[in-house]
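A.B. asks: here is a sequence together with a model predicted from it:
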Amino acid sequence: MSYRCGMSRTPARRLAEVARKAGVSEATVSRVLNRKPGVSDSTREAVLTALDVLGYERPTQLRGTRARLVGLVLPELQNPIFPALAEVIGGALAQRGFTPVLCTRTAGGLSEADYVEMLLDQHASGVVFAGGHFAELAAPHDHYRLLHRRGIPVVLINAAIDNLDFPGVSTDDMVAAEQAFRHLASLGHERIGLLVGPEDHMPSRRKLSAFTRQAEGAGLTVAPVEHAMFSLEGGQAAMTRMLRDGVTGVICGSDVLALGAIRAARRAGLAVPRDVSVVGYDDSGWLNSTDPPLTTVRQPIESMGKAAVALLVNQMETVTVQPEELLFEPELVVRGSTGPAAARIAPVDAQATA
């Protein structure tokens with residue numbers, strides 16, 4: 001397999017590469033490989049991990065029963081986009097001989113940092129984070145820095161905060177917001193709102209930047225922005241507030257938020273898309289079966305998942321990897337939740353009492 005291409009290198013060069021990867025001397029590497037005393041447990045573990053991530057086989061006496069594990073850390077499974085990503089990434093990892101380990105954060109359960117500690121204890125070959133604290137400015141990030149210090153290959157899926165120094169793959173959030181805005185504008189909407197995730201969420205910030213630029217360019221006098229938790233309930237509450245501004249079109253930061261927005265519109269006595277048009281984001285597999293079928297911006301999950309695995313394996317084969325972000329083009333999928341703008345300028349509360 002390609003991950004073992006480094007085995008053709010000379011023993012001296014392999015020793016130097018492992019020492020550089022582990023941050024220790026070549027003499028220390030030699031002591032570990034020959035099972036000599038005078039090496040701490042943490043240093044021995046760092047050297048063995050460096051062997052693994054560089055694609056070198058451990059000496060027979062040091063192999064034990066270690067599996068070629070890769071952690072896949074997800075923030076949740078309720079949003080269908082994350083199980084879809086897990087399926088693509090898990091399949092691509094399995095094809096390359098790795099065993100994916102699914103790590104999902106739950107309320108009151110293990111944190112990302114807990115999972116990272118567990119994966120390090122299991123000598124995982126790498127970690128893929130699909131959404132998570134790396135995309136949140138106010139969240140803890142020390143566990144990412146720990147992985148970086150230990151030289152563990154990591155790939156981030158989604159826009160990340162600055163200075164984490166890991167490669168990543170993302171859908172171009174700015175293009176996604178532009179596509180949704182132009183679609184609603186082409187339908188005659190002049191009161192367009194944006195409903196996205198928390199204010200410190202990097203993908204939401206990128207969408208907001210593009211939305212603001214589009215709204216200013218179109219000269220919109222009403223372009224409200226609401227931030228919410230990524231849930232049906234969060235979308236419904238935020239949309240209820242937005243309807244008071246009399247919006248006729250809403251761009252949402254996820255399909256789940258969009259479904260919450262549709263529920264809020266209906267509970268306010270409005271029809272979608274006759275009175276309000278709603279655009280989602282993700283294109284989860286079952287959304288063409290909703291009522292109405294949801295217009296959304298599709299993330300290219302298949303391409304992104306395979307690219308993430310390729311980036312991860314590339315780190316295992318290469319001593320130096322650039323922490324670049326690969327941006328993938330989204331695709332607007334027009335269905336039944338968007339239509340021509342209604343002549344509804346008054347806020348919904350005023351309409352209800354008219």
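C.D. replies: Received, thanks. Residues are numbered from 1 along each chain as shown.

A.B. asks: going forward, measure contacts between C-alpha atoms and count neighbours the same way
C.D. replies: Noted.

A.B. asks: give the contact list for residue 133.
C.D. replies: 112, 139-141 (C-alpha atoms under 8 Å, 6 or more residues apart in numbering).

A.B. asks: by neighbours, which of those wins?
C.D. replies: residue 112 (22 neighbours; other C-alpha atoms under 10 Å).

A.B. asks: nearest to residue 193, of the contacts of residue 133?
C.D. replies: residue 139 (26.9 Å; C-alpha to C-alpha).

A.B. asks: could you check the pLDDT of the closest one?
C.D. replies: Looking at residue 139, its pLDDT reads 94.

A.B. asks: and for residue 279?
C.D. replies: pLDDT at residue 279 comes out at 98.

A.B. asks: residue 199 now?
C.D. replies: Reported pLDDT for residue 199: 97.

A.B. asks: next, the nearest residue to it once chain neighbours are set aside: phi, psi?
C.D. replies: Distances taken as C-alpha to C-alpha, 6 or more residues apart in numbering place residue 227 nearest to residue 199, at 6.4 Å, with adjacent residues excluded. For residue 227, the backbone dihedrals are phi -110, psi 140 (criterion: degrees, to the nearest 10).

A.B. asks: who's residue 227 bridged to?
C.D. replies: residue 196 (DSSP bridges).

A.B. asks: please enumerate the helices of the stretch 151-300 of the chain.
C.D. replies: Remark: helices assigned in the stretch 151-300 of the chain by DSSP state H, counting those that start in this stretch are 173-186, 202-218, 232-243, 255-267.

A.B. asks: residues contacting the shortest one, please?
C.D. replies: Contacts of helix 232-243 from elsewhere in the structure, counted by C-alpha under 8 Å, 6+ apart, are 193, 195, 224-229, 256-265, 268, 347-348.

A.B. asks: report the angle between the axes of it and helix 255-267?
C.D. replies: 50 degrees (axes from the mean of the first three to the mean of the last three C-alpha atoms, to 10 degrees).

A.B. asks: quick one on the thing from earlier: in ChimeraX, select just the buried ones from the contacts of helix 232-243.
C.D. replies: Those of the contacts of helix 232-243 that count as buried under 16 or more other C-alpha atoms under 10 Å are selected in ChimeraX with:
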select :193,195,224,225,226,227,228,256,257,258,259,260,261,262,263,264,265,348
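
A.B. asks: next up, the contacts around residue 18.
C.D. replies: 26, 29, 47, 50-51, 54 are the contacts of residue 18 under C-alpha under 8 Å, 6+ apart.

A.B. asks: name the strands paired with the helix or strand containing residue 128 and say parallel or antiparallel.
C.D. replies: Using DSSP states H and E, residue 128 falls within strand 126-130. Strand 126-130 pairs in its sheet with strand 69-74 (parallel), strand 154-157 (parallel), by DSSP bridges.

A.B. asks: contact partners of that strand?
C.D. replies: With C-alpha under 8 Å, 6+ apart, strand 126-130 has contacts from 53, 69-75, 82, 85, 152-158, 308, 312.

A.B. asks: ok, residue 145 touching residue 164?
C.D. replies: Yes: contact criterion C-alpha atoms under 8 Å: residue 145 and residue 164 qualify, at 7.1 Å.

A.B. asks: that older thread, let me know which of the helices of the stretch 151-300 of the chain is tucked in deepest.
C.D. replies: Comparing the helices of the stretch 151-300 of the chain by mean neighbour count (mean count of other C-alpha atoms under 10 Å), helix 255-267 comes out on top with a mean of 24.
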